[in-house]
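Undergrad: Provided below are the primary sequence and the corresponding predicted coordinates.
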Amino acid sequence: MGAARIVAFAGSARKDSFNKKLIRLAARAAEAAGAQVTLLDLRDYPMPLYDGDLEAAEGIPEPARRFKQALIDHDGFLISSPEYNSSISPALKNAIDWASRPAPAEAYQGKAAGLMAASPGALGGLRGLVHVRSILGNIGVLVIPDQIAISRAPDAFAPDGSLKDAAQQAAVEKVARNLTALVEKLKK
Ligand SMILES: Cc1cc2nc3c(=O)[nH]c(=O)nc-3n(C[C@H](O)[C@H](O)[C@H](O)COP(=O)(O)O)c2cc1C
């Protein structure tokens, strides 16, 4: 059966992204729970905005193909998504869209996901996660109920990258642990 294979990434390419900080913690927690984790950075997958004419003329662009292959190669996804105007970040939506071509089943069907968000705002990106959950559910991903949104993100992280608040740190670990457990069950 082997370990649960989980790919972890933030829906932000920004160098100092709070969501990248958060996903690093979740990735470590999933490893501690026994998963085999691959941490991706969307900065390494510079995809154009989805364009049907471009797809028809040239196929799926190489960075999008690599991203899609990474999803195919794993059983579960840990995603930390920024919230833009109360919804999913454009970088994350675009990556999800390209990887759903030509049909979502290949990359998404039968997979599981755990979600989190971080934001300087008071709600921590919680409203965006409603949309991320809905989008993934509609393309065949089983999204676990546990999630965490880190508000006031500029003050939330200690210099070593951990979360200052023990309850928040525990919540991140719970998302990672429960996703790992579900993926293991789905693999049986
Ligand atoms: C166009 C735009 C819209 C945004 N809308 C929201 C929002 O609705 N809610 C929120 O909490 N933060 C919002 N923000 C602030 C982001 O949460 C903030 O830029 C955050 O640092 C982005 O995530 P990152 O640090 O992982 O790159 C917005 C930022 C941008 C650029």
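TA: On my side now, so go ahead.
Undergrad: Report the central residue of the chain.
TA: The centroid of the chain falls nearest to Ile79 when counting by CA atoms, centre = their mean (1.5 Å).
Undergrad: correct me, but Glu83 touches Ala122?
TA: No: using CB atoms under 8 Å, Glu83 is not in contact with Ala122, being 11.4 Å away. Just so you know, the C-beta spots here come from the backbone N, C-alpha and C atoms, and that holds for glycine as well.
Undergrad: phi, psi of the closest residue to Ser100 other than its chain neighbours?
TA: Distance criterion CB to CB, 6 or more residues apart in numbering; nearest residue to Ser100, sequence neighbours excluded, is Ile139 at 5.9 Å. Backbone torsions for Ile139, taken as degrees, to the nearest 10, come to phi -110, psi 20.
Undergrad: And Leu78, by the same measure?
TA: Dihedral pair for Leu78: phi -110, psi 120, per degrees, to the nearest 10.
Undergrad: got it, and the one 4 residues further on?
TA: Backbone dihedrals for Pro82, given as degrees, to the nearest 10, come out at phi -60, psi 160.
Undergrad: Could you check how far it is from Ala56?
TA: 31 Å (CB to CB, to the nearest Å).
Undergrad: Show me what from this protein comes close to the ligand.
TA: Counting by CB under 6 Å from any ligand atom, the residues of the chain close to the ligand are 10, 12, 14, 17-19, 82-86, 119-121, 123, 125.
Undergrad: neighbours around the closest residue to Phe67 other than its chain neighbours, how many?
TA: The shortest distance from Phe67 to any non-neighbouring residue, by CB to CB, 6+ apart, is to Tyr45 (4.5 Å). A count of neighbours around Tyr45, defined by other CB atoms under 10 Å, yields 23.
Undergrad: Over to the one 4 residues further on?
TA: Using other CB under 10 Å, Leu49 is surrounded by 10 other residues.
Undergrad: just checking, it touches Asn94?
TA: Yes: if you go by CB under 8 Å, Leu49 and Asn94 touch, sitting 6.0 Å apart.
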